[in-house]
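**Student:** Make a model of this:
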Amino acid sequence: MISIRHSEERGGGDYGWLNTHHTFSFNTYHDPMFMGFRSLRVINEDYVAPGQGFPTHPHRDMEIITYVLDGALEHKDSLGTGSRIRPGDGQRMSAGSGIRHSEANPSKTEGAHFLQIWILPDQQGIKPSYEQKAFATEEKRGKLRLIASPTGIEGSVTIHQDAKLYVTLLAPGETVTHQMEPDRHAWIQIAKGSVELNGKVLNQGDGAAVSDEEQLRIKGTEDAEVLLFDLA
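**Tutor:** Next up is the predicted model:
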């Protein structure tokens, strides 16, 4: 079964410095039908204006992944981490028992476009931590590249949950497949472009909840960037 969450159905708003789209309930946007999917709690598509960003604020007991699509983000946190997150990077912050951080667009001329992803952890109160790795474009071109997993296999960043995150870049007509194990579920998020998922059309900003499917076949109908979450 595949249930599509269309881009235009999302919450959010345009605040000048921030144009944001919430796939699931977040902040002042509340929809009891869309509180998350399995352990996936938040997918926000954010556009941040040049020189703007999120000031220092706290988090706890959440696995937070930031996936940059265009531009860059400057990250600082209470662990002493200072990094620049660029397109294609896999970045994970485990908030655990408590962490404070800020994220800002360092460019004075270019906007930043990224996905902010929250995954519920499998345990609470863990020691906060940060991890970031670069994944080359060629590793994702026409294939599913694992960028986050519970064990850090295949060079992925490690998350504290039985979940895996794959990313693929597809040209028109290019296809990838993903075999679903029994009792597993998936969420597909279209970051750019458009695809067919088992014959169903998905466009930029669309998401899809998947259950009781043996195989996922994702075919690019135009140049596309796609995130696939494999969830317990």
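**Student:** Neighbours of Y15, how many?
**Tutor:** 10 (other C-beta atoms under 10 Å). Bear in mind the C-beta positions are built from the backbone N, C-alpha and C, glycine included.
**Student:** ok, it - contacts?
**Tutor:** Y15 makes no contacts at all, as judged by C-beta atoms under 8 Å, 6 or more residues apart in numbering.
**Student:** Going forward, count from 16.
**Tutor:** Happy to do that; since the first residue is 16 now, the last one works out to Y30.
**Student:** what about the spatially most central residue of the chain, which helix or strand?
**Tutor:** Nearest residue to the geometric centre of the chain (C-alpha atoms, centre = their mean): I132, 4.4 Å. Using DSSP states H and E, I132 sits in strand 127-134.
**Student:** what lines up beside that strand in the sheet?
**Tutor:** strand 55-63 (antiparallel), strand 78-85 (antiparallel) (DSSP bridges).
**Student:** Now tabulate these in CSV and tack on distance to G31 and mean pLDDT.
**Tutor:** Formatted as CSV, those follow (distance: least, C-beta to C-beta, whole Å; pLDDT from 0 to 100):
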stretch, distance to G31, mean pLDDT
strand 55-63, 11, 98
strand 78-85, 19, 97
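**Student:** returning to that earlier point: so the residue nearest to the centre of the chain is in contact with I58, correct?
**Tutor:** Yes - with contact defined as C-beta atoms under 8 Å, I132 counts as touching I58 (5.6 Å).
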